[in-house]
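K.L.:
would you be able to build a 3D model of this:
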Amino acid sequence: MFATGHRPVGAPFERAGDYDLPTAMMWISDKATRGGPSSRMVALPPAAVAQLGHWEAHLGALAEVLSPLCPGLVRDRLAPLLKERSGGSPPPLFFFLDGTGQVVEPDHAAILKHRATVLPVQDNAARHLLRSHLVTAGVAPNAIDAAFGHARLGEEALSASSAFRIRELRAVA
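P.N.:
Below is the predicted model of the structure:
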């Protein structure tokens, strides 16, 4: 969330197919708007690309370790994620395991609970810190607005009539 400026929502990164590591782009949906699109594309910084690569490797290692212990978890949750690149409709990318090894979906309350043990800050701290940093760094306001989903209706970045370019999102990344 610090890399993308996501709003605090449950399951902020919904599917493995929502990002593309070679192009360092991610599709996100963290806002419901009236009459306009509720999703957008963001460019990922190198650290986020590396982190997602490590997460994919972790999922593979986790599936290997848990296969004899929790075959249902591997079959129902991990295997579909690992096959995402070849199509299908897998479960959400991130999840928690409770003390018994059962999957806990990453709703807003679960994310808050787990995040508070590591980083006890307000829900929207990432957005505010990132935006302040980008403004101070001199990133163009329209690029910041595009990355944060602050476009006016009909003026969305990367829409059919937009003159906004992906390279402008790269400055945000």
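K.L.:
need the contact list for Phe96.
P.N.:
With contact set as CB atoms under 8 Å, 6 or more residues apart in numbering, Phe96 has these partners: Val103, Val104, Glu105, Pro106, Ala110, His114. To be clear about C-beta, it is placed using only N, CA and C from the backbone, and glycine gets the same treatment.
K.L.:
state the distance from the fifth one to His58.
P.N.:
If I follow you right, that is Ala110. For Ala110, the distance to His58 equals 19 Å [CB to CB, to the nearest Å].
K.L.:
repeat that for the third one.
P.N.:
With distances taken as CB to CB, Glu105 is found 19 Å from His58.
K.L.:
in the protein, which helix has the most residues?
P.N.:
helix 46-66 (DSSP state H).
K.L.:
contact partners of it?
P.N.:
With CB under 8 Å, 6+ apart as the criterion, helix 46-66 contacts 3-4, 16, 19, 21, 24, 26, 44, 73-74, 78-79, 81-82, 93, 173.
K.L.:
show the buried residues in those residues.
P.N.:
Neighbour-count burial (16 or more other CB atoms under 10 Å) is assigned, among the contacts of helix 46-66, to 3-4, 16, 19, 24, 26, 44, 73-74, 78, 81-82, 93, 173.
K.L.:
after the longest helix of the chain, next one along is what?
P.N.:
Moving toward the C-terminus from helix 46-66, the next helix or strand (DSSP states H and E) is helix 71-73.
K.L.:
low pLDDT regions in this protein?
P.N.:
Across the chain, the ranges flagged by pLDDT under 70 are 8-14, 31-38, 84-90, 151-164.
K.L.:
what about the helices in it?
P.N.:
Under the criterion DSSP H, the chain contains helices at 46-66, 71-73, 79-82, 108-118, 125-136, 141-148, 166-172.
K.L.:
if we can go back for a sec, centre of the chain to the longest helix of the chain, how far?
P.N.:
The chain centre lies 14 Å from the centre of helix 46-66; the measure is CA atoms, centre = their mean, to the nearest Å.
K.L.:
report the buried residues of it.
P.N.:
Buried, per 16+ other CB under 10 Å, within helix 46-66: Ala48, Val49, Leu52, Glu56, Leu59, Leu62, Ala63, Leu66.
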